[in-house]
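In: Could you look at this predicted model? Sequence included:
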Amino acid sequence: MSLLADTQFFVASRMEQIVSCFKPGVKITVLVRSPDHPEFDFMMTDDTEGEIIAMVKRRQAAGADKGIGQPGGAS
């Protein structure tokens with residue numbers, strides 16, 4: 001298996017575990033950014049890009065743009 005395929009398999013199994021913590025019907029997206037190397041960015045989702053962008057904009061408008069592990073964000 002390739003590294004990408006291994007990563008997708010690993011992430012997919014964890015996504016299933018995370019989704020099981022929520023009510024049925026939720027969508028999940030995993031984003032991994034490499035700011036200095038955007039060619040290494042990774043996204044895995046069961047949603048559409050448009051819905052993901054809309055959710056990010058809603059969160060920003062609500063003032064919830066500080067992420068986990070970021071200064072001033074949740075830990």
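Out: Thanks, I have it. Residues are numbered from 1 along each chain as shown.
In: For the residue nearest to the spatial centre of the chain, name its beta-bridge partners.
Out: The geometric centre of the chain, computed from its C-alpha atoms, lies nearest to Val30 (Cα atoms, centre = their mean), at 2.4 Å. According to DSSP bridges, the residues that bridge with Val30 are Met44.
In: Now do it against Gly63, distance only.
Out: Relative to Gly63, Val30 is positioned 24 Å away (Cβ to Cβ, to the nearest Å). Every residue, glycine included, has its C-beta placed from N, CA and C.
In: what pLDDT does the residue nearest to the centre of the chain get?
Out: Listed pLDDT for Val30 reads 96.
In: Which residues are in contact with it?
Out: With contact set as Cβ atoms under 8 Å, 6 or more residues apart in numbering, Val30 has these partners: 11, 14-15, 42-45.
In: Give me the neighbour count for Met1.
Out: Met1 is surrounded by 8 other residues when neighbours are defined as other Cβ atoms under 10 Å.
In: Just give the closest residue to it, not the sequence neighbours.
Out: Once its chain neighbours are removed from consideration, Met1 has its nearest residue in Phe9; the separation is 7.5 Å (Cβ to Cβ, 6 or more residues apart in numbering).
In: picking up where we left off before, would you mind giving the contacts of Val30 as TSV with neighbour count, distance to Phe22 and pLDDT added?
Out: Supplementary listing: the contacts of Val30 in TSV, determined by neighbours: other Cβ atoms under 10 Å; distance: Cβ to Cβ, whole Å; pLDDT from 0 to 100:
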residue	neighbour count	distance to Phe22	pLDDT
Val11	15	17	95
Arg14	12	14	95
Met15	16	11	94
Phe42	13	22	94
Met43	12	20	94
Met44	15	17	95
Thr45	14	15	95
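In: Could you dump the residues you listed into TSV with distance to Ser34 added?
Out: As requested, the contacts of Val30 are arranged in TSV below (distance: Cβ to Cβ, whole Å):
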residue	distance to Ser34
Val11	15
Arg14	19
Met15	20
Phe42	8
Met43	12
Met44	15
Thr45	18
